[in-house]
Each structure stands twice: as C-alpha cells, then as structure tokens.
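[1] predicted structure and sequence below. I'll ask about it afterward.
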There are 2 protein chains.
Amino acid sequence: MTIRKAAILGSGVIGSSWAIVYARAGLDVAIYERSDDFRATAMERLRTTTEDSASLLADTDTVDAVLARISLHDSLEAAVAGADFVHECIEEKLDSKKAIFAALNDCAPERAILATTTSSFPVSHFAQDLPCRDRCIVAHPATPPHLLPVTELCPAPFTADWVMEETTAFMRACGQTPVHIRKEVEGFVLNRMQAALVVEMLTLLRDGLIDPRDIDAIISQGFGLRWAFLGPLEGVDLNAPGGIRQYLERYGFLFTDRARDYGLGDILPPETVDALEAYTRGRIPVEALPEKVAWRDQSILALRALKAERGSVDRA
Amino acid sequence: MTIRKAAILGSGVIGSSWAIVYARAGLDVAIYERSDDFRATAMERLRTTTEDSASLLADTDTVDAVLARISLHDSLEAAVAGADFVHECIEEKLDSKKAIFAALNDCAPERAILATTTSSFPVSHFAQDLPCRDRCIVAHPATPPHLLPVTELCPAPFTADWVMEETTAFMRACGQTPVHIRKEVEGFVLNRMQAALVVEMLTLLRDGLIDPRDIDAIISQGFGLRWAFLGPLEGVDLNAPGGIRQYLERYGFLFTDRARDYGLGDILPPETVDALEAYTRGRIPVEALPEKVAWRDQSILALRALKAERGSVDRA
C-alpha cells in the first residue's frame, strides 16, 4: 500500500500540524473544516507554522511547494475522496467522534486507514459497531507533531494487523517516531508518562516541600538535559559500570519501594529485568558504555551552549 | 562570608566533578582521598574531565589553571585546614557518614559549612548529636554536577539559616542552580522525580503495554525535547490560552484521578492552584504566552538540528 493522499478532519492546532507533517513528506493533503471562520484563516495559519519550521523541510522543498499540496474543504465527502489515510482531529468529545466516524464509514474510500488523534478515547469507545472498524486506529502525537516526532499508535482489539503495520511505516516515512501501545488503556501512554511526573510535582508542592520554580528547575536545569538525548531507561543504563541490570540490583529499591506505596505490586519481576537487559545490550554492549557516557556528556555541553544562546523570554 | 577555599572528601565521580565546579569558579580546592590508588590517578582523571568540559570554563581561564587550584591530600586534617566550605563525597554508607562528620566536628575550621552530597541520608540521620550540627547541610546534585546545574539543598531542622543562605549564594556563584528542599524527606526531591517517571515506565512494561525502546522514545523523541528548555509546570502553562489555571480546570483530572488511585489524596487544592498561577504569571504575563510558545518551538527546532548533528553511538 502506498499512501499518496491524506485527509485531515479539523484545522485546529493539531490538525494543522499534521497537515504540515504530511505535506512536507510530499503527500497531497485535503483538510475538512466545517467552520467558515476557521477555513478562512487556515491557509495563513499553515503558512506561518510552515515558515517557522522551515528548517525541517527537505533541501529541495519550499514553503510554497508544501502549501500548494494542501487544500481546504467545507465538505467531508470532498476532503476524503481518494484519500489513503484519514486523520480525524476534531474536538475531543465522544459524541462528535462517534458521529464523524459513522460518516467516514459511509464516505471514506473502502481501503483507507481511519486514524484518530484523540488523546483520551480508545477507538473501541466510538467505532465498535461500524463495518469499517478494522481500519480504525489511534495515532496520537506529542504536541505539536510537526516539531515532536513521537506518535503513539494504539489499535482496538478489532483493528486489523495491516492497519497497524501500514500506519507504522507511514509515520516513519513522514519522519515521525511511531511507538506501539499494545492494549487500549486510559490516556494511552504519552499522557500517563507526563501525568506521572506532574502528579509527583503537585504532591511535593501541596506538601510544602519545594517551590514551583525550584521543581521546574529540577527538570529544565537537570534531568531534562539528559532526557533530550536519552530515554530514562537507557539513561540509567549509564549509571552503573555493569549497565542496567547492575543498576537495578543496586538502586531498584528506589522504584520498587515507591510502587509498593502506590499499590502497584512488584514492578521489577525477573522477566522485566531480563527484557531491560536485552533491550539495552541490544543497543550497545556493556564495554562500550563509557563511549556512550562521553557522548552524553558532550551532548549536554552542546545543549547548554544552545540554551545560553537562546536565552529566555520570561520577564522574571 | 566569602568562600575562598573548598575541601572535598573523596575523589570518586561526584567528588571529582564538584572539584571542577569549584576550581573553575576560582576557588582553591583541597581533596582528601584516603586510597593510595585513587589518589595516584586523581589528577589524570580530573584533567580528562576538565578538558572534556572546557567549554564551560571562563574565557580567561585554562585547563592548567583550573587544575593548578586543586591539591590532593592523604590526611583529612590537611585537606580541611583553612576551608570555608567542606563537601563530603565519600561512599553512601550511614556509618561512614557518621564517622567522617564526627571527625570534621573535631578538625574542620569553626565557621566552615559542612555539606554532604548524600543522595539518601538526611543530615539528621548522622549529625544529630554533633556540636557542629547547625553548620551541616545536604547539597546533592544531578550527576555529574560539573555538567548539570541543578543542586538540591536540604537543611536538617537544626541547620542554621545562614548556612542555607550562604550555600545558596555559593552555589549560584559557582554557576549551579540551587533548589530548596524545605523538610527532610526520603530520597529528597531529585530522586523522587526520576523515580516517579521510571515507576510509571516499569509498570507499563510489566503490564505488557509497550516495549522498552518505545517507552524511552516517548521521552527522548517527545517530552524530553520540551523539558530541555521548560519545566513541566511552565510547560503546561503554554497548553491552554489562559495559562496554567485554565489548563488545570480543563485537564487537572489527568493528575487528580491518578493521585487518587495512588492514595495521595487531593493534590490540587485551591492553594496549590493559586500558587501555580502566582508562579507562572510572575514569570510571564498571560498575553505574552504566544511569544513563549514561539520561543519554545524555535528552541525545539534548534535542539533537533543539534541532535541530528550529534547522531548516536548506539550499535542498533
């Protein structure tokens, strides 16, 4: 399957951002926008955003060429005609999702993938009873997707395997980093990850342990400088000479104690430790870890120089 | 109080890193290292680390000049003689901390601040009974401190106010970002923040929802690109037109629901919302938020260019 045309439903912040992702990958993009006011401003908004992120265009591409691939429509039927990939980006209300997927069932091309950018509703909450349900999938990005590559793909139990596979390949071809969520879960994974950190922050604030400015600094002047380059798992892999298995033997209690307090049970069974060892050692052998530490350190230094250059727009 | 000489106890990864922080700020630094083998290799290790991070030296400074400010000692008494600030960086064992602080009580200068870089033991666990206890404080960094600015300062109930104030000013003068932990708490705050994220990751892995590589990518190809520049609180302040108060009205349930599951009670009482509003609006007025969004977006683009340039040392 080759995806040549994408249809996007909704021209808000996320819909516009996806339009740029697909148009700069060379696809034709048709946006359905029912609001006259939104439709009237959409091209100008798209131009500004594409200009501001022009450094991500291919060398041979231009802002004008990208925008020329995008069309706007006041009719759903017209927008999805001939589309291989439909991405629903309308308001986050269950009834609205239900209605628009029912309409897609009737008017979208028979083989088109029907994706939703929802951040909260699993596909089975709104497409369960539709004949097109095997082609429905969640493709939810970090915001905004034209700047942040990671995109979580979550199938319903009834989503066809080929839909997951094609969507994965399509996202990669567009320069995104697709991640697979294997089961439908409340908030999927992206929002759960952010929530985990923010819940801890709010708890410490409520308990009077630290000020808001200081707790933000722990990330933006601390862990954030590492996490810009390394996920936390490959990060802790560098914090013991023997890699992650040794790290977890020494410091795993930091995590298991907390999990017990939260009623999460045993979060470090031997299978998980084995999986983490296989993952990290598959990336880099233990004898090369000092090389990765040196790479991390030089990366952090380069980021500090970049941050010094960019300064801040805060008043205080 | 002017801090002109620092003594560091222990020449391991953290002790050496602190030595560079203080020496590049222009201080004389005396390191106490009891191991002959460690002492023999210390200067070479310090040279390599200082050379590798030479971009952080002042324009008028050189690697040789920084190293010339550092001396090594096999006697605790000799190292701390004349020191204004003592930073204990020995092994993470309670008995060892107790013994060395008892020794410091006898041999450190009478007005010296006595800091510990411990990541797990509050000062009251090992200095409670010492006459010098009012001068004792935790100064625990992100690792390694010569690259990551954030440093948590945690006093015991008996630590004098001037010690907190002077240590804060000293850390700032050395280019660190000190954050205040108001009460002694297990793992202080830095480790709790990292643990919050890793606990969530391990739970999702154990439950088979996602693969390790994908969960790392959610940070390193997603949130980490934001958190390199913005703490999560000032980050969500940008995710609603009206700022953090409006964001929490709309999406606060993402956090409060989770907190309830974990038995953490109400983490968003009105006082916390008010404090967050005061903090964010103190940084930047609501009408300037679009300017901060544009700054964030350009920062992310610059970071993506930097990441593309640095590549990866992973084999797969």
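    All right, it came through fine. Being a predicted model, the structure only gives us computed values, none of them experimental.
[2] mind listing the strands for the stretch 51-200 of chain A?
    Listed in chain order, the strands found in the stretch 51-200 of chain A under DSSP state E, counting those that start in this stretch are A:70-73, A:85-88, A:113-116, A:136-141, A:150-155, A:177-180.
[3] what's around A:Asp106, how many residues?
    Other residues within reach of A:Asp106, judged by other Cβ atoms under 10 Å in any protein chain shown, total 11. Yep, even glycine has a C-beta here, placed from its N, CA and C like the rest.
[4] from chain B, how far out is it?
    Between A:Asp106 and chain B the computed distance is 32 Å (Cβ to the nearest Cβ, to the nearest Å).
[5] kindly report the same for A:Gly12.
    In this structure, A:Gly12 lies at 12 Å from chain B, with Cβ to the nearest Cβ as the measure.
[6] my guess is that residue meets A:Thr117, correct?
    No: in this structure, A:Gly12 sits apart from A:Thr117 without contact. The criterion is Cβ atoms under 8 Å, and the distance is 10.0 Å.
[7] any shared contact partners between the two?
    Counting by Cβ atoms under 8 Å, 6 or more residues apart in numbering or on different chains, the residues touching both A:Gly12 and A:Thr117 are A:Cys89.
[8] deepest-packed of the strands of the stretch 51-200 of chain A, please.
    A comparison of the strands of the stretch 51-200 of chain A by mean neighbour count, using mean count of other Cβ atoms under 10 Å in any protein chain shown, puts strand A:113-116 on top with a mean of 27.
[9] contacts for it?
    Identification of contacts with strand A:113-116 by Cβ under 8 Å, 6+ apart yields A:3, A:84-88, A:97, A:101, A:104, A:108, A:123, A:127, A:132, A:135-140, A:163, A:166-167, A:170.
[10] out of those, which touch chain B?
    Residues of the contacts of strand A:113-116 in contact with chain B (Cβ under 8 Å from any Cβ of the partner chain): none.
[11] returning to what we had before: possible to save the strands of the stretch 51-200 of chain A as JSON lines with mean pLDDT?
    What follows is the strands of the stretch 51-200 of chain A, written out as JSON lines (pLDDT from 0 to 100):
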{"stretch": "strand A:70-73", "mean pLDDT": "98"}
{"stretch": "strand A:85-88", "mean pLDDT": "98"}
{"stretch": "strand A:113-116", "mean pLDDT": "98"}
{"stretch": "strand A:136-141", "mean pLDDT": "98"}
{"stretch": "strand A:150-155", "mean pLDDT": "98"}
{"stretch": "strand A:177-180", "mean pLDDT": "98"}
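[12] for B:His180, find the nearest of these.
    strand A:150-155 (33.3 Å; Cβ to Cβ).
[13] close to chain B, is the closest one?
    Yes: using Cβ under 8 Å from any Cβ, a contact is recorded between strand A:150-155 and chain B, made by A:150, A:152.
[14] what's that strand packed up against?
    Using 3 or more Cβ pairs under 8 Å, 6 or more residues apart in numbering or on different chains; DSSP states H and E, the elements in contact with strand A:150-155 are strand A:136-141, helix A:161-173, strand A:177-180, helix B:212-218.
[15] with respect to B:Ala308, which of these lies nearest?
    Distances from B:Ala308 to each of those were compared using Cβ to Cβ; the minimum, 13.3 Å, belongs to strand A:177-180.
[16] run me through the strand neighbours of that closest one, direction for each.
    For strand A:177-180, the paired strands and their directions (DSSP bridges) read strand A:150-155 (parallel).
[17] in three-state terms, label the closest residue to A:Glu277 other than its chain neighbours for me.
    Taking Cβ to Cβ, 6 or more residues apart in numbering or on different chains as the measure, A:Glu277 lies nearest to A:Arg245, with 4.9 Å between them; neighbours along the chain are not counted. Taken by DSSP: H, G, I helix; E, B strand; the rest coil, the conformation at A:Arg245 corresponds to helix.
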